[in-house]
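> quick one: sequence plus predicted model below, questions after.
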Amino acid sequence: MKKLFIKIGVYTVLILICLEVFVRVFHLTKDYPVRIIDDRGVERWMPNQDGFSVTGNRRQNFSEYSINNNGYNSYHNYEPSKNKVEIALIGDSFIEGFHQHYYNSIGKKVEDQLENIEVYEFGYAGYDLADQLHLIYQYQSFFDLIDYAVIGLDFDTDLTRSEYYVMQDRMILESPKYQAMRKIKLLVYFQNIGAFDAPRELVKRLFSREESATNTLNEHDKKVRQKKLHETYFKNFKSLVNAYGFDKTRFVFLLDADKAPEFFLSYLKENNYNYIDFSQELKKSDIPTSLIYDMHWNNHGREIIANLISNYYRKKLP
Amino acid sequence: MLILVASYVFYGWWDWRFLSLILLSTLVDYYVAQNIGRQDDKRKRKQWLWVSVIFNIGLLGFFKYYNFFIDSWVDMFSMFGYHITSTWTLKVILPVGISFYTFQTMSYSFDVYYKKLKPTTDFLSFAAFVSFFPQLVAGPIERASQLLPQIEKKRVFNYEQSTQGIKLILWGSFKKVVIADSFGFMVDDIFQNYQNYPASTLILGALFFSFQIYGDFSGYSDIAIGTAKLFGVELMSNFKFPYFSRNIGEFWRRWHISLSSWFKSYLYIPLGGSQFGNVKAIRNIIIIFLVSGLWHGANWTFILWGALHALMFIPLYLLGVNRTHKYKNLGVYKTLKGWLQEWSQIILTFSIVTILWIFFRSESIQTAFDYFYVIGENFNFEAYLHPKGYRMIDYYLLLIMFIVYEYLIRRDERSPIPFKSKYIRFFTYTMLIFGMLLFYESNIDRSFIYFQF
């Protein structure tokens, strides 16, 4: 029996090494760029790094990213000046666009449609309104040189905070433990294909017998809860705008009006906050607008968003 | 004792309440066999055997077929104009593996009755035989005369047996994770939306189902046989590369062998087999195929599936060619003609089996005929796109490689990685695991199909 266990051990190690080689050779898993908190407390990617984003077990989606010297995924570096017209696109992973080639981004599509305009993309997965306004606030002199800014806003997920602070949940991914684990590509691959989901679910089921509170709520309670949440989000919105400022003449929100409550949209209108609503245009499309493997916009979806932004500025620009 | 406890924990994990059913079935057959063994009077021995048969079939009938029979009666009366509102149906949960362990316990009573086995006095061993966890929920359905003595005797660790077991577990897992689960997702899509697809996709759906059910069931059997080997127990083979069969007769000697041989030993032969002329033999063939269909589930689709297999088998029987390939190895030919002949037989048999699977997979007989109707009506070709947008070429290549590999290892179903070179063996292990990773889907229902039977 000892011989069997030794042989199983040796074979397991050798097979794991081979699999690690396969994963690396066929580039089956995504590269993780390094995150930093800069000296002004802004979270972004460490400047000047390249890599590939991969989705699916068999590399079903494979795209290259390139982090510029500003710490964002883009094909160019940002050098705003008073002599040019620039538009900043600030948002989360939808703007960041790791799921697309960096040369095929929303910003590039807008640039192609509007002459003599440079578009600077400040996309970072997980950015909410606090992150975005804090970024503009901290780099005010830089952003003052940029003529316009489009700020992504998802009412349900981007207003959970009333002030900016460093998200430790994300930064923990830069701890030595996670950095070391990411060096083992096979482990990253296992994680990405969900190979750990079943054992994790089993352990969860074994140790937690209680149902989560949300699952046990009835419809009425759910509505009350949602209303309270919306009120909190609205308060957070006001608090963030008060704290970091919002230039209504230059800034515009990019949002899905179907996902925002009516009272919030009315508030924006009454208080002269401009917004570009993409809900109807995406809905109207006969062909899918998001990727098969995740919820991000596919090329067609990005075309629609770029058209909306371009049309908005065509009317605005001289 | 360890096997018994492990088996009861394993089964109780699903639903502890149904442990009482296994225990009851164990107690009844243990007691029945004791009484059969004690009696010399043939009539009394038979009476005790009937106790076992009635109890086990009754258990199966109640949990598996009660609602089916009630609904079928109601439907039959409706056909004659008597409309009855069915108020007698019950919300009965089907205990996992009931069809397997009831047949296994019955085999014990039969073996004692036919004096192939002496009744055991070791109740714990008998209980372990009934509930032996590797094959408890989906077979192979073991004979008491083969499994019980192995459990009763002291088993010692055997290196060769254990490594064979691990290889079988690996191969079985590959068949389940890569073949069954990958194709299962597309099969569900095609069979649920068959009205919206062209003939080419519906044919593909049937083809994929053939491989799904084979990968699922034979994969489970391999895992069960492999696990049992780790405990020093040899279970019977359940599949011997059935899709390389050269006629339907051979298919049934290669597909779900433990069930077909069970019916042969305990139903076909007691009914007289083929000893009393063609008419009786055909009657017996029809009976075992119908019962075999019904065994799979409480639905007319399974019965029709069984009946159609009987229809395909009977001409072979009458022509005396149903056993032609029994002792003839696959892939042994000296001429091109022989090669062509063998492959045309294999393709023809596979096509028949695949067509008949449509009845097995469909929700109802009506749906099955509709499926065929759509094939005829919308007879055109259109490339099938995976519902999740995955590349289809991956699956076609996978299928081709799987068929080629199965053909390479066709000599021995219990040795799925038979290569002499340790480098080739190592390469095969790595590729099987790599394949499982490439085709693993984390968020799908991956229950084994035969658990429902």
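Received the coordinates, thanks.
> whichever residue of chain A sits closest to chain B: neighbour count?
Chain A approaches chain B most closely through residue A:194 (2.7 Å), counting by CB to the nearest CB. For every residue, glycine as well, the C-beta is placed using N, CA and C. For residue A:194, the count of nearby residues is 14 (other CB atoms under 10 Å in any protein chain shown).
> surely it meets residue B:443?
Yes. With contacts counted by CB atoms under 8 Å, residue A:194 reaches residue B:443, the gap being 6.8 Å.
> got phi/psi on the residue of chain A closest to chain B?
phi 80, psi 20 (degrees, to the nearest 10).
> and residue B:261, by the same measure?
Torsion angles at residue B:261 (phi, psi; degrees, to the nearest 10) stand at phi -70, psi -30.
> contacts only, for it.
With contact taken as CB atoms under 8 Å, 6 or more residues apart in numbering or on different chains, residue B:261 is in contact with residue B:236.
> distance check, it against residue A:143.
79 Å (CB to CB, to the nearest Å).
> and for residue A:233?
Distance check for residue A:233 against residue A:143: by CB to CB, it reads 25 Å.
> which SSE is whatever residue of the stretch 251-400 of chain B ends up closest to chain A in?
Proximity of the stretch 251-400 of chain B to chain A (CB to the nearest CB) peaks at residue B:389, 3.3 Å away. Per DSSP states H and E, residue B:389 falls between elements, in no helix or strand.
> just checking, it touches residue A:293?
Yes. Using CB under 8 Å, residue B:389 is in contact with residue A:293, at 7.5 Å.
> not counting its neighbours along the chain, what's nearest the residue nearest the centre of chain A?
Nearest to the mean C-alpha position of chain A, by CA atoms, centre = their mean, lies residue A:93 at 1.9 Å. Nearest-residue entry for residue A:93: residue A:125, 3.9 Å, with adjacent residues in sequence omitted and distances by CB to CB, 6 or more residues apart in numbering or on different chains.
> contacts only, for that neighbour.
Residue A:125 is in contact with A:92, A:93, A:96, A:98, counting by CB under 8 Å, 6+ apart.
> do residue B:232 as well
Taking CB under 8 Å, 6+ apart as the criterion, residue B:232 is in contact with B:150, B:155, B:156, B:157, B:158, B:161.
> narrow those to those in strands?
Using DSSP state E, the subset of those located in strands is empty.
> lowest confidence element among the helices and strands of chain B?
When each helix and strand of chain B is scored by mean pLDDT, DSSP states H and E, helix B:66-79 comes last, with a mean of 67.
> which strands or helices does the helix or strand containing residue B:100 pack on?
Element membership of residue B:100, judged by DSSP H and E, is helix B:98-113. If you count contacts as 3 or more CB pairs under 8 Å, 6 or more residues apart in numbering or on different chains; DSSP states H and E, helix B:98-113 packs onto helix B:19-38, helix B:42-60, helix B:123-131, helix B:133-136, helix B:144-152, helix B:257-263.
> please identify the deepest-packed of those helices.
Ranked by mean neighbour count, these are led by helix B:133-136 with a mean of 24 (mean count of other CB atoms under 10 Å in any protein chain shown).
> mind exporting the C-alpha coordinates of that helix to CSV?
Presented in CSV, the C-alpha positions along helix B:133-136 are these (Å, rounded to 0.1, in the frame of the first residue of the first chain):
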residue,chain,number,x,y,z
PHE,B,133,-21.9,1.9,-1.8
PRO,B,134,-20.0,2.0,-5.1
GLN,B,135,-22.8,0.3,-7.0
LEU,B,136,-25.7,1.0,-4.7
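> ok, residues contacting it?
By CB under 8 Å, 6+ apart, the list of residues contacting helix B:133-136 reads B:3, B:6-7, B:10-11, B:97, B:100-101, B:141-142, B:221, B:223-225, B:227-228, B:231, B:233, B:235.
> okay if I get the helices and strands packed on helix B:98-113 as TSV plus mean pLDDT and distance to residue B:418?
TSV is the format used below for the helices and strands packed on helix B:98-113 (pLDDT from 0 to 100; distance: least, CB to CB, whole Å):
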stretch	mean pLDDT	distance to residue B:418
helix B:19-38	84	37
helix B:42-60	86	38
helix B:123-131	84	30
helix B:133-136	77	22
helix B:144-152	84	24
helix B:257-263	89	20
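> mind listing what residue 248 touches?
You didn't pick a chain, so chain A it is. Counting by CB under 8 Å, 6+ apart, residue A:248 touches A:272, A:273, A:274.
> looking at chain B here, not the other one
Residue B:248 touches B:309, B:312, B:313, B:316, B:322, B:349, B:352, B:353, counting by CB under 8 Å, 6+ apart.
> 7 Å instead, please
Going by CB atoms under 7 Å, 6 or more residues apart in numbering or on different chains, residue B:248 touches B:309, B:312, B:313, B:316, B:349, B:352.
> look up how far residue A:193 lies from it.
40 Å.
> equivalent analysis for residue B:311, please.
According to CB to CB, residue B:311 and residue A:193 sit 45 Å apart.
> with residue A:55 instead?
For residue A:55, the distance to residue A:193 - CB to CB - is 10 Å.
> what does residue B:159 give?
Distance check for residue B:159 against residue A:193: by CB to CB, it reads 34 Å.
> ok, residue B:238 next?
To residue A:193, residue B:238 is 30 Å away according to CB to CB.
> quick one, which of those two is more surrounded?
A direct count of neighbours by other CB under 10 Å for residue B:238 and residue A:193 places residue B:238 higher, at 27 against 20.
> so who does that one touch?
Residue B:238 sits next to B:139, B:140, B:218, B:221, B:256, B:257, B:258 when contact means CB under 7 Å, 6+ apart.
> nearest spatial neighbour of residue B:310, skipping sequence neighbours?
Once flanking residues are discounted, residue B:310 sits nearest to residue B:289: 3.6 Å by CB to CB, 6+ apart.
> ok, the closest residue to residue A:148 other than its chain neighbours - contacts?
Among residues not flanking residue A:148 along the chain, residue A:87 sits closest, at 4.6 Å (CB to CB, 6+ apart). By CB under 7 Å, 6+ apart, the residues touching residue A:87 are A:110, A:117, A:119, A:147, A:148, A:150, A:313.
> how many residues are close by the residue nearest to the second one when sequence neighbours are not counted?
Leaving aside its chain neighbours, residue A:117 sits nearest to residue A:85 (5.1 Å; criterion: CB to CB, 6+ apart). Other residues lying near residue A:85 total 18 when counted by other CB under 10 Å.
> report pLDDT for residue A:92.
Residue A:92 is assigned a predicted lDDT (pLDDT) of 93.
> and what of residue A:185?
92.
> could you identify the most distant pair in the contacts of residue B:232?
B:150 and B:157 (14.5 Å; CB to CB).
> around chain B, which positions in chain A sit nearby?
Contact residues, chain A versus chain B (CB under 7 Å from any CB of the partner chain): A:1, A:3-4, A:11, A:14-15, A:18-19, A:22, A:57-58, A:60, A:193-195, A:197, A:292.
> one more time with 10 Å
Proximity of chain A to chain B (CB under 10 Å from any CB of the partner chain) is limited to residues A:1-4, A:7-8, A:11-12, A:14-19, A:21-23, A:26, A:28, A:56-61, A:186, A:189-190, A:192-198, A:201, A:288, A:291-293.
> may I have stretch B:328-344 exported as CSV, CA atoms only?
Listed next in CSV are the C-alpha coordinates belonging to stretch B:328-344 (Å, rounded to 0.1, in the frame of the first residue of the first chain):
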residue,chain,number,x,y,z
LYS,B,328,-15.8,-13.1,-32.7
ASN,B,329,-13.4,-10.4,-31.7
LEU,B,330,-13.9,-6.9,-33.0
GLY,B,331,-11.4,-5.6,-35.6
VAL,B,332,-10.1,-8.9,-36.7
TYR,B,333,-10.2,-9.1,-40.5
LYS,B,334,-7.7,-9.8,-43.2
THR,B,335,-9.3,-8.1,-46.2
LEU,B,336,-10.7,-4.8,-47.1
LYS,B,337,-14.0,-6.5,-47.7
GLY,B,338,-14.0,-7.7,-44.1
TRP,B,339,-13.2,-4.2,-42.8
LEU,B,340,-15.9,-2.7,-44.9
GLN,B,341,-18.4,-5.3,-43.8
GLU,B,342,-17.6,-4.9,-40.1
TRP,B,343,-17.8,-1.1,-40.2
SER,B,344,-21.0,-1.0,-42.2
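> perfect, that will be all.
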